[in-house]
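# Using only what follows, build the 3D model:
(chains A, B, C and D, ligands or ions: 2)
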Amino acid sequence: MTPGLIIETADFVAALLFILGLKRMSSPVTARSGIVVAGWGVLVATLASFLYVFGVDPAAQPNLAVNLGLGIAALGIGVAWAWVTGEKVPLTAMPQMVAIYNGMGGGAAGCIAAVELSGNGAMPMGQMIPAIVGAVIGAVSFSGSLIAWAKLDGKINKTIRLPGQQAINSLLFAAIVGLGVYMLVATGGQSPPALTSIFFGAALALGVLVTLPIGGADMPVVISLYNACTGLAVAIEGYVLDKPVLVIAGVVVGAAGTLLTLLMARAMNRSVANVLFSRFGETGTAGAGEIQGSMKPVEAGDAAISMRYAGKVLIIPGYGLAVAQAQYKLYEFVKLLQAAGVEVAFAIHPVAGRMPGHMDVLLAEAGVPYDLMKELDEVNDEFRSTDVALVIGANDVVNPAARTDKSSPIYGMPILNADHAHQVYVIKRGQGKGYSGVENELFYADNCNMVYGDAQAVLVKFIAAIKELGAAA
Amino acid sequence: MTPGLIIETADFVAALLFILGLKRMSSPVTARSGIVVAGWGVLVATLASFLYVFGVDPAAQPNLAVNLGLGIAALGIGVAWAWVTGEKVPLTAMPQMVAIYNGMGGGAAGCIAAVELSGNGAMPMGQMIPAIVGAVIGAVSFSGSLIAWAKLDGKINKTIRLPGQQAINSLLFAAIVGLGVYMLVATGGQSPPALTSIFFGAALALGVLVTLPIGGADMPVVISLYNACTGLAVAIEGYVLDKPVLVIAGVVVGAAGTLLTLLMARAMNRSVANVLFSRFGETGTAGAGEIQGSMKPVEAGDAAISMRYAGKVLIIPGYGLAVAQAQYKLYEFVKLLQAAGVEVAFAIHPVAGRMPGHMDVLLAEAGVPYDLMKELDEVNDEFRSTDVALVIGANDVVNPAARTDKSSPIYGMPILNADHAHQVYVIKRGQGKGYSGVENELFYADNCNMVYGDAQAVLVKFIAAIKELGAAA
Amino acid sequence: METTLVGFIALYIVMLATFTGIEVISRVPAILHTPLMSGSNFVHGIVVVGALYALLNATTPAQQVIGFVGVLLGAGNAAGGYVVTRRMLAMFKASAKEKA
Amino acid sequence: METTLVGFIALYIVMLATFTGIEVISRVPAILHTPLMSGSNFVHGIVVVGALYALLNATTPAQQVIGFVGVLLGAGNAAGGYVVTRRMLAMFKASAKEKA
Ligand SMILES: NC(=O)c1ccc[n+]([C@@H]2O[C@H](COP(=O)([O-])OP(=O)(O)OC[C@H]3O[C@@H](n4cnc5c(N)ncnc54)[C@H](OP(=O)(O)O)[C@@H]3O)[C@@H](O)[C@H]2O)c1
Ligand SMILES: NC(=O)c1ccc[n+]([C@@H]2O[C@H](COP(=O)([O-])OP(=O)(O)OC[C@H]3O[C@@H](n4cnc5c(N)ncnc54)[C@H](OP(=O)(O)O)[C@@H]3O)[C@@H](O)[C@H]2O)c1
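Ligands and ions are numbered 1, 2, ... in the order given. Next up, the predicted model:
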C-alpha cells in the first residue's frame, strides 16, 4: 500500500467509526462505548495523516523537518493542554468548556483556509470560493465561541450592546463580503498578506460583536449554533482539501448542531433569530396578568415527612438545582425515601436547566441511575396518579400558563403536569422568576406549598427530618 | 447547461426524491405522498436520460435513430404493460406481482451487464469485475423471481427437488465462478458471444434451481431477498456505468430488502439460510407433546352476541382471513359492534399472514382505518383488560408454546397474548395447523371456544346474529 | 461521461447510502411493510435509466436486442412497482367523521 | 493528492451525510443531549487532520505559524471534546443491585 492509500483507508475508517459511534449514542447503555469508537476514528486518521510527509509539495520539501517538528509539537501541546483542562474542570463548567473546544475547531478550520489562501500558487475559483466562505464561518465560530466561554465563565458579566448594534454588524458583514469578493476577483489566490489579515480580522470582529449582546442565559443556544457552524466550516475546508472524511464529519456535526439548536429554540418558544437578535424578557414580563390566591409556605420537615409516607413521588429538577449544586443531597434524600418503600422517579423536561440534557448529566453525576430519569412524554400522564410532585429550583418548565395563557411568552411550550399531582411542593429561595421572567400560577394553586430556601439547605433539612423519624420509630 | 449537466442534475434530484419519498413512508399519514415523490424521481431521471443522444459513442452514432426508436418503444411497451397489469391485478395477487416486477429489475441489470461485457472495447479490470458480479446477481434475481411468481400464482404447485440438489447447485455456482474468472482473465472484455451466453444461461439456471425447492409459503421471504439482490445488482451496474443515482437507489433498496428479510426470518424463528436450504415442517411437527384438555366448540350466534355485550374486543386476524377473503365481512361486523358501543381494535402480529404487513393491507382494503390497527408492542399489554379476543384464521401468532415450550420450533417468537383476554373465540375450519405445523395449546384453554367454519361464512352468521338482536330489541 | 465514481469515493457513497437506507427504512412501521416492499422494489426501477444509456450506445444488433429487452424490463419494474404501491397506499385511511 | 471530490460527487456526499446525520442524531434521547453536544463537538475535531496537512505543506514562515496554530487548536478541539464527553458519559449508570 502506498502512503496515499493508507491515508485514504484511515480516513474512510474514521468516517465509518464516527457514524457508528454516534449511532451508539441512541441509548445510555451503549453511549459510553460510542465516544470510544469515535475516538478511535480521530486517532487512526491523525496517525495516518503523518504519512503526508511522503507526498508534500516540492516547494515545502526543504521545510519538511521543521514542519514535522512543529506538527508534533502542536499536537502534543494541544492534546496535553486540552486533556488536562478537560479532566479537571468541574462538571458545572462543562458548557463553557464545550464552547472553548468548539471555538478551537472553528479556529483550526479558519487556519486551514488562511494557509490555503496564502497559497503556493493560483487557486481555481471552485476552490477559492469555498475556502473564503469556510474561513469566515470558522473565524466567526472561533471568536464567538470564545465570547460565549467568557460569558458563561463569568469573565464578562454584562451584556454589552453598542448603540446601533444591528447597523454596525450589517456594515461589518458587508465589508467582509466585499473583501472576500475582492480577494476572489482581483488577486486570484495570491492576495497580499495585509489584505488577508484584514479579512480575517473583520471576520473575528463579527463573531465578537454578534455574540456580545446576547444574554448569558441564552449562551447554550449560541454554543449549539456555533457547534453547527464549526461543523460546516470543517466540511467546507474538507472540500477544499479534498478530504471526504472532513466533509462527512463536518456535515454530520452540522446536522447535529442544527437539530439541537432548533430543539432548544422550540422548547423555549422562540425562533433562533429571536435568540440572536433581541434581548429577551424586555417584552416578556409585561404579559402576565394578576394571579389570584397566595403562596402557602410550609416547613421543610413537614414536607419531607409527607413524602416519606407517600406512595409515589415524582421529582422535577430545574435550573435552581444546578445553581445550588444540590444534586448529591437530592439523591441522598431520594435513597432514604426509596428505603422507606416510596416509589420515586425524576421527571425531566427537555429544556430544564440551561442546556439540553443539563439535568440528566447533573443527576447522573450524583449517581442517579438513568432508568429513574423519565422524559416528558413518558411521564406526563403519571402525574395524575402521583401523590407528591416535588419541584426543585424549576419554574418555567412547570408553568401552567404555557397551556392556558395565550398572552404569555411561554404559551405553547410543552410543560410537565406537576399541577396534576395530588400535592405539589416547590423548593425555591423566594419570589424569583424563571428564565422567561413570567409569574407562575402553579405556586398559588390550592394543592401547592412552597418550601423557601436554597435547594441545598432545604434538602439537608429534608434528610435530617427523615433520619429523625427513623430514629424515633 | 450542457446535456451532461442536465442529466447529472436530474440524477441528483432523483436520488434526493427517492430518500425523501422513503422517509415519508414512516407514517401512514404521509406514505401516500411518499410514493408520488419517489415517482417524480424516476420520471425526471428517465426523461433526462434521453439527453444521452447528444453524447453517444462515435461507434453508436450510425445506429442512433434506430436505438432511440427502440428505446421509446421499449419504454412505451414496458410501462403500458406494467401499468395495465398493475392496475387490474386483484390485491390478493400483489405478492406475485411484486415478484415479477422485481425480477424485471434484476433482468434489466443483467442486460446492462451483458451490453457492457459485449463491449465496444477492452474494459478495465476495475469495471469488469463488478460488471460480471452484477450480471450474476441480476440474472439469478430475474429467474428466481419468476419462479417465485409462478409458485405464488399457482402455475407451479409442487416443490420440485432434484436428488442431490445441493451438490448440483454448488457445481453450477462453481461453474459460473469459473466462467466469470475465465472471461475476466482470458478475454479482457471481449469475450465471444457464445461464452457470454453460456455464462448468463448458467446464472439464470442457478436462479431457477435455487428457488424451485423452496415451499410456496416461504416465497415472501425469497421475494424480499431477491428484492435486496436486485437492489445490489442495480447498485453494482450503477458503479460500472458511473451513475451515482443507481448506486444510491440500489444500496438503499438493498438495505430495505435485507432488513425486511431478516425481520421475517427472525419473526419466523428461522435463519435465512434455513428458509433457503431446508424443507420446513419436516422436523417441526414431531416436536410438540400431547396437549391436555379439549377444544370446546360454540355456536357462531352465541359468540357474536357475547361480543355485542362486551366492553372491549380485540381482533387478531391471520392467514386464514386472507384465504377466506373475509376482510369485508369482518369490517361490517366490526362496524355493527362499534355502533353498539363496543370498543374494537385490531391486534396485528408483524408476521401474521404470509408477508410483512399483509394483514394491514388486507384490512385497509376493506376500509378499516389505520388507527384501529395496533402493533404487537403497542397492544400486548391490553389483552388483560380485554373482554373478548377474537382470533380469525390465525394460529402461530397466538400460540403460547412460543413462550413456554423450548422444544417447539416457534419457541422464542414474540406472540400476541390472546390467552390473557377474559374470553377467546377462534374462527377456523377444523383441526388445521398453522404455517409452522405445530399444535396450539390456546385452543384447548379453559377460556377459549372454537367457532368452526370458513371465516367468511362464520362472519356472515355473526352479522346476522347481531342484526337479528337489533331487530328483536 | 467523465468518470467520477473512482476508488474511495464510491465506498463513501455506498457507506453513507447504506446508513441512510437502514435508518430511513427502520422507521417504517410494520403496518406499512407490504407497501414498503413494493415501494422499494419501485425505487430500483431507476435501473431503466442505465438500460437506456446502454441501448442508446448499442453498436451491434445483439447489443440492440439486449438493450431493448433491458429497457423493457426496467420500464416494467418502475411502472409496475409504482402502480401497485400507489394502489396499496391509497387504501390506508384514518378514521373519519363518517362513522358507521 | 488526486482530486476526487469533484462536482456532483461532493453534492451526493453532502446529501447522504446530511440524511445520515439527521437520522442518526434524531434517535439520541433527550437524556443524552448534553453529551451529544460535546460528542459532536469532538467529532469535528477531525479538522486537526486537515490542519496537519496544511502545516506539513507550509512553505513560508507565515504559513508555518498559521499551520502550527491550526494544529494546536484542532488538537485541543479533539482531545478536549473527547475527555469531556467521556467524563460525562461515564456518569450514566443503570440501577444496580447495590440498592441503597
Ligand atoms: N435547557 C436548555 O436547553 C435551555 C437553554 C436556554 C434556556 N433555557 C430555558 O431555561 C428555563 C429552564 O426552566 P427551569 O424550570 O429549569 O428553570 P427556571 O425557569 O429558570 O427557574 C429556576 C428557578 O430556580 C430558582 N432557584 C434559583 N437558584 C436557586 C437555589 N439556589 N435554590 C433553590 N431555587 C433556586 C429560582 O427561583 P428563586 O430565585 O425564587 O429561587 C427560579 O425560579 C426554561 O425557560 C428554558 O426555556 C433552557
Ligand atoms: N407475514 C410474514 O412475513 C410471513 C412470511 C412467511 C411465513 N410466515 C409465517 O406465517 C405464519 C402466520 O401466522 P398466522 O397465525 O397468520 O397463520 P397460520 O399460523 O398460518 O394459521 C392460519 C390458520 O388459519 C386457518 N384457516 C385457513 N383457511 C381458513 C379459512 N378459509 N377460514 C378460517 N380459517 C382458516 C387454518 O386452520 P384450519 O385449516 O383449521 O382452518 C390455520 O390454522 C407464521 O408462522 C409466520 O411465521 C409469515
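
# Secondary structure element for the residue of the stretch 201-350 of chain A found nearest ligand 1, which one?
In the stretch 201-350 of chain A, the residue that lies nearest ligand 1 is A:G320 (2.5 Å; C-beta to the nearest ligand atom). C-beta here means a position set from N, CA and C on the backbone, and glycine is covered the same way. Mapping A:G320 onto the secondary structure by DSSP states H and E places it in helix A:319-324.

# mind saving the C-alpha coords of whichever helix or strand comes after that helix as CSV?
For helix A:319-324, the following helix or strand on the C-terminal side (DSSP H and E) is helix A:327-339. Extracted C-alpha coordinates of helix A:327-339, given in CSV (Å, rounded to 0.1, in the frame of the first residue of the first chain):
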residue,chain,number,x,y,z
GLN,A,327,-27.9,17.0,43.3
TYR,A,328,-25.9,14.9,45.8
LYS,A,329,-28.2,15.9,48.7
LEU,A,330,-31.2,15.3,46.5
TYR,A,331,-30.1,11.7,45.7
GLU,A,332,-29.3,11.1,49.3
PHE,A,333,-32.9,12.2,50.1
VAL,A,334,-34.3,10.0,47.3
LYS,A,335,-32.4,7.0,48.6
LEU,A,336,-34.0,7.5,52.0
LEU,A,337,-37.4,7.6,50.5
GLN,A,338,-36.7,4.5,48.5
ALA,A,339,-35.5,2.7,51.6
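
# Would you indicate which residues of helix A:327-339 are buried?
A:Q327, A:K329, A:L330, A:Y331, A:E332, A:F333, A:V334, A:K335, A:L336, A:L337, A:Q338 (16 or more other C-beta atoms under 10 Å in any protein chain shown).

# Kindly report the same for stretch C:89-97.
Buried-residue list, stretch C:89-97, by 16+ other C-beta under 10 Å: C:L89, C:M91, C:F92.

# pretty sure the second one contacts B:L362?
If I follow you right, that is C:M91. No: counting by C-beta atoms under 8 Å, B:L362 is not a contact partner of C:M91; they are 9.3 Å apart.

# Need the overlap of contacts for the two.
B:L91 (C-beta atoms under 8 Å, 6 or more residues apart in numbering or on different chains).

# So what's the residue count around A:L172?
17 (other C-beta atoms under 10 Å in any protein chain shown).

# about what we covered before: looking at the buried residues of helix A:327-339, which is nearest ligand 2?
Nearest member of the buried residues of helix A:327-339 to ligand 2, counting by C-beta to the nearest ligand atom, is A:Q338, at 43.3 Å.

# Find the helix or strand that the closest residue in space to the closest one that isn't next to it in sequence is a member of.
The shortest distance from A:Q338 to any non-neighbouring residue, by C-beta to C-beta, 6 or more residues apart in numbering or on different chains, is to A:V344 (5.8 Å). Element membership of A:V344, judged by DSSP H and E, is strand A:343-348.

# For that strand, enumerate the helices and strands it packs against.
strand A:312-317, helix A:327-339, helix A:358-365, strand A:373-375, helix A:376-379 (3 or more C-beta pairs under 8 Å, 6 or more residues apart in numbering or on different chains; DSSP states H and E).

# I'd like the ones you listed as TSV, with mean pLDDT appended.
Below are the helices and strands packed on strand A:343-348 laid out as TSV (pLDDT from 0 to 100):
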stretch	mean pLDDT
strand A:312-317	96
helix A:327-339	95
helix A:358-365	91
strand A:373-375	93
helix A:376-379	91
